[in-house]
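*Asks:* What follows is a predicted protein model with its sequence.
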Amino acid sequence: MNVAVCVKQIPDPAAPGELDPSTLTLKRDGKLILDDSDSYGVEMALQLADQAGGGEVTLVSMAPRGETGGLRTALAMGAAKAILVSDDALAGSDALGTAKVLAAAIKRISPDLVVAATESTDGYTGTTPAQVAELLGMPSVTFANKIEVADGAVRVHRQTEAGYDEVECPLPALVTVTAGVVEPRYPSFKGIMAAKSKPIEELKVADLGLDPTQVGAAGARQEMVSVEEAEERQAGEVVVDEGDAHERIIAFLEQLKVI
Ligand SMILES: Cc1cc2nc3c(=O)[nH]c(=O)nc-3n(C[C@H](O)[C@H](O)[C@H](O)COP(=O)(O)OP(=O)(O)OC[C@H]3O[C@@H](n4cnc5c(N)ncnc54)[C@H](O)[C@@H]3O)c2cc1C
């Protein structure tokens, strides 16, 4: 079974982020790394290909400046190859523009299954994967915390507030995974060395047959109009036990509807 995994390469969340004052979008001029959210998709794809007894995992990414740092990490985990779309014409792409690029790249490899994260860590509109599925004419199942593939269909436990829904749809399909779906492996030394020589096909907008006026800033229909500082977190309440601490904690949890 051949699986494509959407892999976003993002600025290191450990370093302070900076906005471009003219576009109010995140500056991506430093080194980019594999988005932690996508490491779950890579691991899931590797396990599914293994269970199917054959096939390979191909990474698909759109990123500036021919950036491959995050892709090499995912190749070191065990993916076979990658497609990177990198083109100055893509600067200013909104979520739909990104989806058009990813869908066109995925079409080239006709996978049985496409895996993405539910939302990225840096932008998190959470809209890109569903748009990719729509553009590819595939069903999309989101928020998966368990995935099985058998008999030409994918069966998914789809996380809900109350538990999970069991959803099944025919392949090819796109599934987005949540952080709890699997435990991503650490790349081994052997994996890191092997990743250095795994193929990364770098493509431009023209290679994908896309209309340049439909992607990048030219095609963007979203615009960042304002950005505000997130409210600082308030200090928590310390419960000092005067014999009734358990009752006060229970009342607090009930108020939050946690219990
Ligand atoms: C107005 C506007 C302008 C922007 N300008 C730029 C810009 O100039 N340069 C720039 O780099 N970005 C830019 N972005 C961000 C970029 O287009 C995002 O990649 C896109 O908006 C989707 O990101 P998200 O974080 O919302 O994805 P989500 O929908 O939250 O992502 C969910 C999952 O989709 C997949 N995915 C998302 N994006 C990618 C990707 N690029 N490659 C592979 N898989 C992916 C991943 O699996 C990810 O976990 C801009 C966004 C907006 C709204």
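*Replies:* That came through, no problem.
*Asks:* which bits of the stretch 101-250 of the chain sit near the ligand?
*Replies:* 102, 116-117, 119-120, 122-129, 220, 222-224 (CB under 6 Å from any ligand atom). The way it works is simple: take the backbone N, C-alpha and C, and place the C-beta from them, glycine included.
*Asks:* From these, which land in strands?
*Replies:* 116, 117 (DSSP state E).
*Asks:* what ranges do the strands span in the stretch 1-150 of the chain?
*Replies:* 3-6, 9-11, 32-34, 57-62, 81-85, 113-117, 140-150 (DSSP state E, counting those that start in this stretch).
*Asks:* The third one - contacts with which helices or strands?
*Replies:* Pointing back at strand 32-34 there. With contacts defined as 3 or more CB pairs under 8 Å, 6 or more residues apart in numbering; DSSP states H and E, strand 32-34 has these neighbours: strand 9-11, helix 69-77.
*Asks:* chain center to it: distance?
*Replies:* Using CA atoms, centre = their mean, to the nearest Å, the distance from the centre of strand 32-34 to the centre of the chain it belongs to is 12 Å.
*Asks:* ok, now the longest one?
*Replies:* Computed by CA atoms, centre = their mean, the chain-centroid distance of strand 140-150 equals 14 Å.
*Asks:* One more: the first one?
*Replies:* Computed by CA atoms, centre = their mean, the separation of strand 3-6 from the middle of its chain amounts to 10 Å.
*Asks:* In the sheet, which strands lie alongside that strand, parallel or antiparallel?
*Replies:* Strand pairing for strand 3-6, determined by DSSP bridges: strand 57-62 (parallel), strand 113-117 (parallel).
*Asks:* which residue sits closest to whatever residue of the stretch 51-200 of the chain ends up closest to the ligand in space, ignoring its chain neighbours?
*Replies:* At 2.5 Å from the ligand, residue 123 is the closest residue in the stretch 51-200 of the chain, using CB to the nearest ligand atom. Closest residue to residue 123 apart from its sequence neighbours, by CB to CB, 6 or more residues apart in numbering: residue 26 at 7.2 Å.
*Asks:* Show the contacting residues for the one you found.
*Replies:* For residue 26, the contact set (CB atoms under 8 Å, 6 or more residues apart in numbering) comprises 11, 17, 18, 19, 20, 122, 123.
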